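K.L.:
got a structure for you, letters missing:
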């Protein structure tokens with residue numbers, strides 16, 4: 001049996017080896033000079049910077065040489081994005097719901113009970129109230145002091161309604177009888 005390379009003449013073998021040597025030299029030269037552009041591209045990819053837009057050559061420039069350097073470069077953005085920063089999927093809890101508004105309440109009664117008078121025949125009763133230097137003579141159902149209405153008399157209190165909120169309040173009756 002003969003070897004396959006035995007059929008090739010030594011001249012052809014030398015020519016083949018010379019061609020392989022020239023091809024490897026050309027490849028290493030191309031890799032060495034293309035490395036500068038590739039380094040920028042690798043750095044841009046590592047930083048997470050989006051690729052630069054590549055414009056398609058117009059039909060009028062078909063004969064112009066193609067700029068390969070422009071295809072491999074990336075625009076470096078001002079912000080540096082750290083691809084290895086810690087990431088968390090923790091979602092903070094929602095803020096607590098707002099507190100319900102307080103129900104409106106009437107201000108404390110500013111009046112003091114001073115006494116009452118009744119008609120001789122048991123008809124109309126008038127109650128006397130005082131607030132500071134002002135005196136009020138009121139009967140059930142009458143409005144006074146701009147925002148109060150005297151409603152009724154209960155066992156030991158007068159029921160006075162605060163009109164803006166329609167809230168009933170009790171004014172104690174202290175009798176010295």
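P.N.:
Done, it's in. As the structure is a prediction and not an experimental result, all values here were calculated from the model. Numbering: from 1, shown residues only.
K.L.:
can you give me the helices for the chain?
P.N.:
10-47, 68-72 (DSSP state H).
K.L.:
what about the shortest one, average pLDDT?
P.N.:
Model confidence over helix 68-72, given as mean pLDDT, is 49.
K.L.:
just to revisit the earlier point, mean pLDDT lowest for which of the helices of the chain?
P.N.:
helix 68-72 (a mean of 49).
K.L.:
what number of residues lie near residue 157?
P.N.:
14 (other CB atoms under 10 Å). Every C-beta, even on glycine, is put in place using the N, C-alpha and C of the backbone.
K.L.:
and the gap between it and residue 170?
P.N.:
Residue 157 sits 4 Å away from residue 170, going by CB to CB, to the nearest Å.
K.L.:
ok, residue 28 next?
P.N.:
104 Å.
K.L.:
how about low-confidence regions in this protein?
P.N.:
The model of the chain has pLDDT under 70 over residues 1-6, 35-80, 175-177.
K.L.:
run the last query once more with 90
P.N.:
Applying pLDDT under 90 to the chain picks out residues 1-10, 12, 29-89, 118-125, 155-156, 174-177.
K.L.:
my read: residue 106 touches residue 170, true?
P.N.:
No - using CB atoms under 8 Å, residue 106 makes no contact with residue 170, being 11.3 Å away.
K.L.:
in terms of neighbours, single out the busier of those two.
P.N.:
Ranked by neighbour count (other CB under 10 Å), residue 106 and residue 170 place residue 106 first, with 17 against 12.
K.L.:
how about that one, phi and psi?
P.N.:
phi -80, psi 150 (degrees, to the nearest 10).
K.L.:
relative to residue 169, how far out is it?
P.N.:
On the measure of CB to CB, residue 106 and residue 169 end up 6 Å apart.
K.L.:
residues that sit against both of those two, list them.
P.N.:
Residues touching both residue 106 and residue 169 (CB atoms under 8 Å, 6 or more residues apart in numbering): residue 162.
K.L.:
ok, now how distant is residue 158 from residue 34?
P.N.:
101 Å.
K.L.:
the more surrounded of those two?
P.N.:
Ranked by neighbour count (other CB under 10 Å), residue 158 and residue 34 place residue 158 first, with 22 against 13.
K.L.:
who's in contact with the more buried one?
P.N.:
Neighbours of residue 158 in contact, by CB under 8 Å, 6+ apart: 113, 127, 150, 152, 170, 171, 173.
K.L.:
let's see that with 6 Å instead.
P.N.:
residue 171 (CB atoms under 6 Å, 6 or more residues apart in numbering).
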